[in-house]
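Novice: Provided below are the primary sequence and the corresponding predicted coordinates.
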There are 2 protein chains.
Amino acid sequence: MGSVRLQDVAGLAGVSMKTVSNVVHDYKHVSVKTRERVQKAIDELGYRPNMMGRRLATGKTGLIALSFADVTIPYFAELARVVSEKAAVHGYRVLLEETLGTLEGERAVVGSSEAGLVDGILFQPSVMSSSEIAQHRGDLPIVTLGESPAPLSLDRVMIENVAAARDVTSHLIKMGRRRIGFVGHEINGLSATSTQRLTGYQEALEQSNLPVDPSLLFASDAISAAGAATAVGRALDSGVQIDGLVCRDDLAAIGALRALQERGLRVPEDVAVTGWDNIHLSAVMFPSLTTIAPNLDLLAERALELLMERISGYDGMGRHELVPYDLIVRESAPSF
Amino acid sequence: MGSVRLQDVAGLAGVSMKTVSNVVHDYKHVSVKTRERVQKAIDELGYRPNMMGRRLATGKTGLIALSFADVTIPYFAELARVVSEKAAVHGYRVLLEETLGTLEGERAVVGSSEAGLVDGILFQPSVMSSSEIAQHRGDLPIVTLGESPAPLSLDRVMIENVAAARDVTSHLIKMGRRRIGFVGHEINGLSATSTQRLTGYQEALEQSNLPVDPSLLFASDAISAAGAATAVGRALDSGVQIDGLVCRDDLAAIGALRALQERGLRVPEDVAVTGWDNIHLSAVMFPSLTTIAPNLDLLAERALELLMERISGYDGMGRHELVPYDLIVRESAPSF
DNA sequence: ATGAAAGCGCTAACAC
DNA sequence: GTGTTAGCGCTTTCAT
C-alpha cells in the first residue's frame, strides 16, 4: 500500500510521470480529461507523494526546527503552539528540539552533524555565548529568539527586557512598595534573560532612590516554580522583610505565591507579586498574576518572516527586531 | 558550505563513495590509513551527510510523529518531553503534530496526504471514533495513547482510568466527604477520557452507598483551568453545596482551587480537591494537589517499543497495554 | 578492503 | 498539452 509510486500512477493512467506530477501540483496546463484519468488512477491506487523523494529533488525539506530549553516550561509550550500555527501559513512544519538548557544541547542544535533535515532554525539560546553561536556552520539559516547575546550577524527578535523590567518594578513602587525583591534568576551562570531583567529592576529602584539590596535577590536552582518556592521560603524563614516581589517569570511567581501563602502572608496586601510571560495559568492563579505579556503572535510572525527570507537566500547583516509587550495588571499587584 | 557531497569527499580523499560511506558509518573493515585520509577530507570539507538523500535510499526517515490536542496543556508537554527523550534512545526524533482536539486535526493526522515523512505515529485521539481510526491508511504504523476508543487492530497503551478514578474518589470518601462533585469534563462531546473517569467516580460513590447527584457534575467549556474555574464558580454561586471535588485533570483542579478560594472556601477544610496527571505545578500549588500520577516513563517506553516493533514490520493483532499509576496524596486532599 | 553502478521517488529542464 | 531524461545525495548489492 505504501509503495505506490508516481510511476505506477503514470502506468495505470497511461501517461508520463510528468503529467501525473502536473496533476498532483495542480499545474494548470493539463487537459480536463487527462486530469480526470490521472486523478482516478491516483485514487484507485491510493497514491501519496513521498516527501523524501520530493525533498531530495527540490532541496527543501518543509521543516524548520524550533529550539529552546524545555517544552514543559509553559512559556515555551505556548511559543511552540504559536510558532507551529504561523509556520503552517508558510507551508512549514515544526520540529521541536529541546536543549534542556545545557551547552551540549545547544551545541547539538547549531552544530548539527546532519544536513538537510530542516531548512532553518528558530533558536532561543540559554547558555551559549554569542561568539560560539556566531561560529555555527554557515549554511543553515538561523533566527535567534529572546535576549541572549546574539552575534550581530544573526537575525534576532525579542522584547525590550530592560524596559519591561523597569515597568513592572515601577508598578510596584507606585503601589507604595519599598522593599522589593527579585526572584528566579539562576544561582550561577546567570542567563542573559535574567541579567537584563535584573538590570531593569535595579534601574527602576535607583530612579526612585530606593536602595538596591543584594539580600533581596533570591536566586533559584532551576527555572521552575518549585525552585522559586524554595528560594523565597528560605529567605522568608531567615527573616527577610519584603513587601514586593519581581519574578523572573510566571513560574517563579507561582512558586513565590506558594512560599508566601504557606507562611500566612497575604498577596498583595503584605507582599505584591509580579510575573513575566503571561502564561495561560497566570490568569487563574489565586491571586491572578500581574505580569509582562510579550506579544507572542508578533514575535512568532516576525521571527518566521525573517527566517523565511533567509531561507529564500537573503544574506545581509543580522536584523534586530523588537516586539511590543504589555503590563497586565491583575490581583497579585493591582494598581492601587 | 552546505553543498559538500559524499562525492566531493571521495574525490578529495581519492577513494570511492562507498569507502567514505563506510567511514561515516563506522564500518569496521576499513584500513586505518584509509579511514584517516577520509576523515581528514571530511573535516577539511566540513562534510555533513544529507538526511534526505540517506532517507530516500534507506526508506526510513528517523522521525516519528507525536500527535495530541495541544502542547500548551501541561500533561501533553510533559508527555512530549518524555517521549522525545525515550525516542532518542531508538535513534528517533519527534515531530509534534497538534490536532487542537478537532476532528479535522485528527483526520489530518491519520489520513495524511503525504507519505514518507515519518516512520510511525504515536497518537492520542480526543474526539475521533474508533471505527474512523481503524480506517486510517494501513501503511503507517500507529500506536494510540490514552483511553479513547481504539480499534482492536491498533496497539494501545494507557492507564486504568476507571480504577484510578475509583481510587481517587474513594480517597475523598475515606476522608469523610459526602457531597463530592466532578469537574472538568466536556459540556458536549464527552471524551472517552472523561467518560471513564466519570464512570470510576460514580462506581466509587455507589460502592459507598452515596447518592450520585447529577447537579454535582460541573462540565467545562474547554480543557483548561479557566473553564473549570468558571464552572465551579457558577455552581458555588448558585448555592451548590460540596465538600469534595474530583477533577478530570490537574488543570481543572487548579481552576477549582481558584473558584473555591476566591469565595473564601478553604481547601481542604471546607472542600477537598483532587487532580489528575501529576503535572509539575501540582506540587507547587497552594495547597498542593492530591492527584493521580500515571507512570509517564513507562507509558512512553512501552508505546515506543510497540511502535518500533510495528516499524520493524510486526503485523499481528493490536496489543493493549496497561501502565501503572499512583495516587499522590498532598495538601488538597490529605489522608486524614 | 575497496570500487562501480544501479537505484530510492520525485522534480524540472528541455523536447516534441 | 505531454513525454524524456537527467539528476538530487545517499545506500547497497555485486564485483574485484
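Specialist: Okay, I see it. Numbering: from 1, shown residues only, chains lettered A, B, ... in the order given.
Novice: Could you find the closest non-adjacent residue to A:Asp8?
Specialist: The shortest distance from A:Asp8 to any non-neighbouring residue, by Cβ to Cβ, 6 or more residues apart in numbering or on different chains, is to A:Leu45 (5.9 Å). For every residue, glycine as well, the C-beta is placed using N, CA and C.
Novice: how far away is that neighbour from A:Val4?
Specialist: Going from A:Leu45 to A:Val4 by Cβ to Cβ, to the nearest Å gives 5 Å.
Novice: Could you check which of these two has the larger neighbour count?
Specialist: When A:Leu45 and A:Val4 are compared for neighbours, A:Val4 comes out ahead with 20 against 16, by other Cβ atoms under 10 Å in any protein chain shown.
Novice: helix/strand/coil for that one?
Specialist: For A:Val4, the reduced secondary structure class is coil; criterion used: DSSP: H, G, I helix; E, B strand; the rest coil.
Novice: what's the spacing between the residue nearest to A:Asp8 and chain B?
Specialist: A:Leu45 sits at a distance of 12 Å from chain B (criterion: Cβ to the nearest Cβ, to the nearest Å).
Novice: thought that residue was touching A:Gly11?
Specialist: No: A:Leu45 is not in contact with A:Gly11 according to Cβ atoms under 8 Å; the separation is 9.5 Å.
Novice: returning to what we had before: with DNA strand C as the reference, measure out to the residue nearest to A:Asp8.
Specialist: Using Cβ to the nearest atom of the strand, to the nearest Å, one obtains 11 Å as the distance from A:Leu45 to DNA strand C.
Novice: Please apply the same query to A:Met158.
Specialist: To DNA strand C, A:Met158 is 35 Å away according to Cβ to the nearest atom of the strand.
Novice: which bits of chain A sit near DNA strand D?
Specialist: Counting by Cβ under 7 Å from any atom of the strand, chain A comes close to DNA strand D at A:14-19, A:22, A:29-31, A:33-35, A:53, A:56-57, A:59, A:115-116.
Novice: residues near the residue of the stretch 51-200 of chain A found nearest chain B, how many?
Specialist: Nearest residue of the stretch 51-200 of chain A to chain B (Cβ to the nearest Cβ) works out as A:Asp139 at 2.9 Å. The burial count assigned to A:Asp139 is 13, neighbours taken as other Cβ under 10 Å.
Novice: likewise A:His25?
Specialist: Neighbouring residues of A:His25 were enumerated by other Cβ under 10 Å; the total is 10.
Novice: Would you mind measuring from it to B:Gln241?
Specialist: Distance of A:His25 to B:Gln241, computed by Cβ to Cβ: 64 Å.
Novice: check the residues of chain A next to DNA strand D against DNA strand C, which are close?
Specialist: Filtering the residues of chain A next to DNA strand D for proximity to DNA strand C by Cβ under 7 Å from any atom of the strand leaves A:17-18, A:53, A:56-57.
Novice: Mark which of those are part of helices, please.
Specialist: With helices taken from DSSP state H, the overlap with these comprises A:17-18, A:53, A:56-57.
Novice: Select from those the one having the most neighbours.
Specialist: Comparing these on neighbour count, A:Leu56 comes out first with 19 neighbours (neighbours: other Cβ under 10 Å).
Novice: need the contact list for that residue.
Specialist: B:52-53, B:56 (Cβ atoms under 8 Å, 6 or more residues apart in numbering or on different chains).
Novice: tell me the SS of A:Gly181?
Specialist: Following three-state DSSP, we place A:Gly181 in the strand state.
Novice: excluding its backbone neighbours, what's nearest it?
Specialist: According to Cβ to Cβ, 6+ apart, the nearest residue to A:Gly181 is A:Leu216 (3.9 Å).
Novice: and the gap between the one you found and DNA strand D?
Specialist: Computed as Cβ to the nearest atom of the strand, the A:Leu216 to DNA strand D distance reads 55 Å.
Novice: for A:Glu36, same thing?
Specialist: Computed with Cβ to the nearest atom of the strand, the distance linking A:Glu36 and DNA strand D is 10 Å.
Novice: same thing with A:Val4?
Specialist: Noted for A:Val4: a distance of 17 Å to DNA strand D, by Cβ to the nearest atom of the strand.
Novice: Per-residue pLDDT of A:Ser129, please?
Specialist: Reported pLDDT at A:Ser129 in the predicted model: 77.
Novice: So what's the residue count around it?
Specialist: Other residues lying near A:Ser129 total 15 when counted by other Cβ under 10 Å.
Novice: just checking, it touches A:His136?
Specialist: No: in this structure, A:Ser129 is not within contact of A:His136 by Cβ under 8 Å, at 11.9 Å.
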